[in-house]
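Trainee: what follows is a predicted structure for the sequence shown.
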Amino acid sequence: MSADLLKGKAAVVTGGGRGIGRGHCLHLAAAGAQVVVNDLDVEEAKKVVAEIEKAGGHAIANAANIGTRAGCDELIAECVKTFSGIDIMVNNAGNFRDKSFLKMTEDEFTDVWRVHVMGTFHCAQAAARVMQERGGGGSIINTTSAAHMGNFGQTNYAAAKGAIASMTYTWAIELAKYGIRVNSISPAGTTRMSATFKAAGGVESKAPFMDPALNGPMVVFLASDEANYITGQVFGTGADRVALLEQPRYGTTMLKPGGWSLDDIRAHFKNQLGNRLEPFGLDKAPYRYYDGVRRQGSLS
Ligand SMILES: NC(=O)c1ccc[n+]([C@@H]2O[C@H](COP(=O)([O-])OP(=O)(O)OC[C@H]3O[C@@H](n4cnc5c(N)ncnc54)[C@H](O)[C@@H]3O)[C@@H](O)[C@H]2O)c1
């Protein structure tokens, strides 16, 4: 039954040549979708196509650089030309240039922004325009990360992943009227990229091996018509979990008719909000600055 879930649908996966994207491609094809396996590293994409064909599926490799508008346009056009349309757009390709904030260069920031944010924007827009014109609905699946909550050494990557979450919510609002759903996964898996995460936190990681292909089944489900009621959501996927991300919202609130003067804030802030400040960052460690954010003794 699952082998036919995506029968007749065409899918594009960016960065599908290795890691998490490769797993998406294999699972989409196993569920009956025709897949465009995009990767800058086209030799890797071709290997994934060969695996899919060996298993009896349909796929083509595409070498477009999704860090450019032209690359994204070319990618979507190839899917439409080869498979007569596009129903599923999986924005997965990613890169990283970790560096602490005070040392990060503009190039290191924009290199990551261009691939994650602009690549997701351009590919999703090109795909959604085709979906809208053809009136057939569709499913867009973006890739964010828990790093968007803040992570040491990842100003560029965290910002990009936060932008992708925000674009997901915005597109879900705008595209629902065309029957197009937009969700994100926040995946996990042992890949070339995950090997760098320990360096970002400055702490040696002892994470056990996680099969990157285990994110694929949730992508297939989100791509399918069975998920036609799911949009604007972020799911933590990978290993043994499928977790629903609780979205940012305003919590405890101080209210004062007429508004808060500076004197009022100074008089009431500490007792009302200042004793319950939020943990921040990927690890959500308990808030530790109640005694002040102080310069540490010996800074190098
Ligand atoms: N691995 C994890 O635990 C983890 C955690 C959170 C989020 N993610 C996200 O999952 C996605 C996949 O990451 P991964 O761990 O599989 O990384 P990976 O490095 O193994 O694979 C990424 C693929 O994207 C391709 N790519 C990069 N830039 C491209 C471009 N401009 N055009 C086309 N292809 C391009 C690469 O060649 C590579 O094959 C990324 O968006 C990443 O940020 C991964």
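Mentor: Noted; the coordinates are in hand.
Trainee: wait, does stretch 266-282 contact the ligand?
Mentor: No. Stretch 266-282 stays clear of the ligand (C-beta under 6 Å from any ligand atom), getting no nearer than 10.2 Å. (Each C-beta comes from the backbone N, C-alpha and C, glycine too.)
Trainee: geometric centre of this structure: which residue is closest?
Mentor: Centroid check for the chain by C-alpha atoms, centre = their mean gives T143 as the closest residue, at 1.5 Å.
Trainee: now that residue: how far from the ligand?
Mentor: 4 Å (C-beta to the nearest ligand atom, to the nearest Å).
Trainee: wait, that residue sits on V117?
Mentor: No. The pair T143 / V117 is not scored as a contact, 11.5 Å apart, by C-beta atoms under 8 Å.
Trainee: any shared contact partners between the two?
Mentor: Common neighbours of T143 and V117, using C-beta atoms under 8 Å, 6 or more residues apart in numbering, are I164.
Trainee: give the contact list for whichever residue of the stretch 51-200 of the chain sits closest to the ligand.
Mentor: Residue nearest to the ligand within the stretch 51-200 of the chain: G94 (2.8 Å; C-beta to the nearest ligand atom). For G94, the contacting residues are 15, 115-116, 143, 193, by C-beta under 8 Å, 6+ apart.
Trainee: wait, is it part of a helix?
Mentor: No. Looking at G94 with DSSP: H, G, I helix; E, B strand; the rest coil, it is coil, so not inside a helix.
Trainee: now do it, the pLDDT please.
Mentor: The per-residue pLDDT reported for G94 equals 98.
Trainee: swap in the one 10 residues further on?
Mentor: Taken from the predicted model, the pLDDT recorded for M104 is 98.
Trainee: out of the contacts of G94, list just those in strands.
Mentor: Among the contacts of G94, the ones falling in strands (DSSP state E) are T143.
Trainee: need the contacts of G94 in CSV (columns: pLDDT).
Mentor: Shown next, in CSV, are the contacts of G94 (pLDDT from 0 to 100):
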residue, pLDDT
G15, 98
V115, 98
H116, 98
T143, 98
M193, 84
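Trainee: for the helix or strand where A50 lies, give the mean pLDDT please.
Mentor: Secondary structure from DSSP states H and E places A50 in helix 42-54. Helix 42-54 shows a mean pLDDT of 98.
Trainee: also stretch 258-272?
Mentor: 98.
Trainee: may I have that stretch as CSV, with CA atoms only?
Mentor: C-alpha atoms of stretch 258-272 as CSV (Å, rounded to 0.1, in the frame of the first residue of the first chain):
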residue,chain,number,x,y,z
GLY,A,258,-2.7,53.2,29.1
GLY,A,259,0.7,51.6,28.7
TRP,A,260,3.9,51.2,30.6
SER,A,261,6.0,54.2,31.6
LEU,A,262,9.7,53.7,32.2
ASP,A,263,9.2,54.2,35.9
ASP,A,264,6.4,51.5,35.9
ILE,A,265,8.7,49.1,34.1
ARG,A,266,11.5,49.8,36.5
ALA,A,267,9.2,49.3,39.5
HIS,A,268,7.5,46.1,38.3
PHE,A,269,9.7,44.2,35.7
LYS,A,270,11.8,42.2,38.1
ASN,A,271,8.9,40.8,40.1
GLN,A,272,6.6,40.2,37.1
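Trainee: who touches it?
Mentor: 252, 254, 256.
Trainee: out of these, who's nearest the ligand?
Mentor: Each of those was checked against the ligand using C-beta to the nearest ligand atom; the closest is T252, at 30.0 Å.
Trainee: ok, and the closest non-adjacent residue to N156?
Mentor: The shortest distance from N156 to any non-neighbouring residue, by C-beta to C-beta, 6 or more residues apart in numbering, is to V112 (3.9 Å).
Trainee: right, and the one you found touches A93 too?
Mentor: No. At 11.6 Å, V112 does not count as touching A93 under the criterion of C-beta under 8 Å.
Trainee: so which residues on the stretch 51-200 of the chain come close to the ligand?
Mentor: Neighbours of the ligand within the stretch 51-200 of the chain, by C-beta under 6 Å from any ligand atom: 65-67, 92-95, 115, 119, 143, 145, 187-189, 191-194.
Trainee: show me what the mean pLDDT comes to for stretch 162-169.
Mentor: 98.
Trainee: equivalent analysis for stretch 211-221, please.
Mentor: Across stretch 211-221, pLDDT averages out at 98.
Trainee: for that stretch, buried residues please.
Mentor: Across stretch 211-221, burial judged by 16 or more other C-beta atoms under 10 Å covers 212-221.
Trainee: ok, now stretch 240-259?
Mentor: L245.
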